[in-house]
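J.: How does the following fold in three dimensions:
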Amino acid sequence: IWRGGKSEEATGLQETRRVSYQIKGLRPHVRSVRLCDVPDLDSLPSRYAGKPASEFRAGSDIRVLDFLLWICTWPVVWGWLKNLSRFTFPALLAQRFFSIFGGDRSAMEVRLFGRLGANALERKWTVIADNGDGMWIPALAAPLLARKIVSGELEFGARSSSGLLDLKLFQPYFDRYAIQTEIVEQPASDYLYRRVMGQDFDLLPPAVQYAHEVLGDHGMIGSTQVIRGRNALAVLVARLFRFPDSGTNLPAHVHMREEKGVETWVRNFDGQRFASTLCQMGNLLSERFGPFNFAMALRRTNDGLSMHMRKAYFLGMRFPLALAPRIQAREYEADGRFHFDVDIALPVIGRIILYQGHLQPMDLDNHAQEQSHAQH
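T.: Numbering: from 1, shown residues only. Here you go, the predicted structure:
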């Protein structure tokens, strides 16, 4: 899967989402969907500027079968099995048995996130098919492509069909069946740091702004230095939060994922991952590490920004700042790159971890060209 600005592996039928497919005037169709492998995972990112993240999910309307398939993926996740190919035949038997519980309704949606000028937008195309007519949708492109080949508009031969047909060409075929479609465009959440900082965000150095322009999916690479506390309690706390081991010049990748205004940052320092969830809390930035939640004020500085603890919570209950971690964090631009410096300590225990380093866009050449084009 291409996400966070790089290619990574994932397990099929994992990362469950509950989706409600909606078209005005129709009864919503709700289904659980999970990651699936399709050729578009390879073809789509390379087709569009900036190589946007691309994910595909699918799910059965037979909930029992869908749940059993999900359960079967865990031995692969845990490394007990390489894959489930040896169970294809019993899976087919199960599908035939449970098919009597299936319905004749299916749905699909395509969601795109991006910016149009200064506005963050989401565009969504939804399809709902009744009477079992969803099975016709994959075949509808065949006559349209055949006509183009016969008329000489299109050369025959195997290749990706992306971009060869306009969506409006399919409408007469949709009308023949119980297939309804709708395109909706709506504002998406603006960048989290801009919502918290207001106009100060637009005054930040370009590299710092870029690091926080998270809309749907974002990622950067670089290197970091990590220094962990040495006493036993500091080591225990660091392990509980899955903080990385000490090291210098560690390769770093940070994957930022945004959904409905909430960001998840997954930091990968030389294969060691730790994550936190960020959201807005009034005029503060809230960062959650497991059961702990810290609300911080963001202050603009000459070269970037600094973070200042204002509130601390454990399992949703606020506790005194005197007992909270001492977090000294700043982000700044130097040599055209985004730099970070985070030092976390606890009262009595002392330093838990210090990590500092720099990050840059995954494709620095393309980013430079985009910046130059934007300036012109």
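J.: contacts for the helix or strand in which T73 is found?
T.: Per DSSP states H and E, T73 falls inside helix 63-77. Residues external to helix 63-77 that are found in contact with it (Cβ atoms under 8 Å, 6 or more residues apart in numbering): 11-14, 16, 32, 34, 59-60, 81-84, 87, 91, 94-95, 98, 101. No exception for glycine: its C-beta is placed from N, CA and C like everyone else's.
J.: ChimeraX command to pick out the buried ones of the residues you listed?
T.: Filtering those down to the buried ones (16 or more other Cβ atoms under 10 Å) takes a single ChimeraX command:
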select :13,32,34,59,60,94,98
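J.: Inside strands: which ones of the contacts of helix 63-77?
T.: 32, 34 (DSSP state E).
J.: In the helix holding T73, which residues are buried?
T.: Neighbour counts over helix 63-77 (16+ other Cβ under 10 Å) mark 65-66, 69, 72-73, 76 as buried.
J.: Among the contacts of helix 63-77, which ones are in helices?
T.: 91, 94-95, 98 (DSSP state H).
J.: Out of those, which is nearest to A329?
T.: Nearest to A329 among the ones in helices among the contacts of helix 63-77 is A91, at 49.0 Å by Cβ to Cβ.
J.: In contact with that closest one, which residues?
T.: By Cβ under 8 Å, 6+ apart, the residues touching A91 are 69, 72, 84.
J.: would you turn those residues into TSV with distance to P251 and pLDDT?
T.: What follows is the contacts of A91, written out as TSV (distance: Cβ to Cβ, whole Å; pLDDT from 0 to 100):
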residue	distance to P251	pLDDT
L69	35	88
C72	34	90
L84	33	88
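J.: which non-adjacent residue is nearest the residue positioned nearest the centre of the chain?
T.: With distances taken as Cα atoms, centre = their mean, the residue of the chain nearest its centroid is R257 (3.9 Å). For R257, ignoring the flanking residues on the chain, the nearest one in space by Cβ to Cβ, 6 or more residues apart in numbering is T264 at 4.8 Å.
J.: and the one you found, what pLDDT?
T.: Looking at T264, its pLDDT stands at 95.
J.: My read is that it contacts V254, right?
T.: No - at 10.9 Å, T264 does not count as touching V254 under the criterion of Cβ atoms under 8 Å.
J.: rewinding a little: let me have the buried residues of helix 63-77 in a markdown table, adding distance to P206 as columns.
T.: Converted to a markdown table, the buried residues of helix 63-77 look like this (distance: Cβ to Cβ, whole Å):
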| residue | distance to P206 |
| --- | --- |
| L65 | 50 |
| D66 | 46 |
| L69 | 46 |
| C72 | 48 |
| T73 | 42 |
| V76 | 43 |
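J.: quick check, nearest of those to L26?
T.: D66 (22.4 Å).
J.: And the closest one, how far from S60?
T.: According to Cβ to Cβ, to the nearest Å, D66 and S60 sit 4 Å apart.
J.: likewise W265?
T.: In terms of Cβ to Cβ, W265 sits 33 Å off from S60.
J.: which residues of this protein score low on pLDDT?
T.: Scanning the chain with the threshold set as pLDDT under 70 gives 363-376.
J.: Outline the domain layout of it.
T.: Per automatic domain parsing, the structural domains of the chain span 1-102, 104-188, 192-375.
J.: ranking these by burial, who's on top?
T.: Mean neighbour count (mean count of other Cβ atoms under 10 Å) peaks for domain 192-375 among the domains of the chain, with a mean of 16.
J.: got a list of what the closest residue to I23 other than its chain neighbours touches?
T.: The spatially closest residue to I23, leaving aside those adjacent along the chain, is E182, at 4.5 Å (Cβ to Cβ, 6+ apart). Residues counted as contacts of E182 (Cβ under 8 Å, 6+ apart) are 23-24, 125-126.
J.: what's the spacing between E182 and G114?
T.: Distance from E182 to G114, by Cβ to Cβ: 19 Å.
J.: Could you list the residues in contact with stretch 104-116?
T.: Contacts of stretch 104-116 (Cβ under 8 Å, 6+ apart): 19, 21, 29, 31, 52, 61, 120-132, 134-135, 137, 188, 215-217.
J.: and it, how far out from the chain's middle?
T.: The chain centroid and the centroid of stretch 104-116 are separated by 15 Å under Cα atoms, centre = their mean, to the nearest Å.
J.: Check stretch 316-324 too.
T.: 31 Å.
J.: Outside of that stretch itself, list whatever touches it.
T.: 293-294, 309-313, 347.
J.: Do a quick rundown of the helices in the stretch 151-300 of the chain.
T.: Taking DSSP state H, counting those that start in this stretch, the helices of the stretch 151-300 of the chain run over residues 171-176, 192-197, 206-211, 232-240.
J.: With distance to D40 added, can I get those helices in JSON lines?
T.: Listed next are the helices of the stretch 151-300 of the chain as JSON lines, based on distance: least, Cβ to Cβ, whole Å:
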{"stretch": "helix 171-176", "distance to D40": "21"}
{"stretch": "helix 192-197", "distance to D40": "29"}
{"stretch": "helix 206-211", "distance to D40": "27"}
{"stretch": "helix 232-240", "distance to D40": "40"}
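J.: closest one to M281 among these?
T.: Nearest of the helices of the stretch 151-300 of the chain (Cβ to Cβ): helix 192-197, 8.6 Å.
J.: What is the closest one packed up against?
T.: With contacts defined as 3 or more Cβ pairs under 8 Å, 6 or more residues apart in numbering; DSSP states H and E, helix 192-197 has these neighbours: strand 272-281, strand 284-289, strand 292-300.
J.: could I get those strands as JSON lines with distance to F201?
T.: Shown next, in JSON lines, are the helices and strands packed on helix 192-197 (distance: least, Cβ to Cβ, whole Å):
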{"stretch": "strand 272-281", "distance to F201": "12"}
{"stretch": "strand 284-289", "distance to F201": "12"}
{"stretch": "strand 292-300", "distance to F201": "8"}
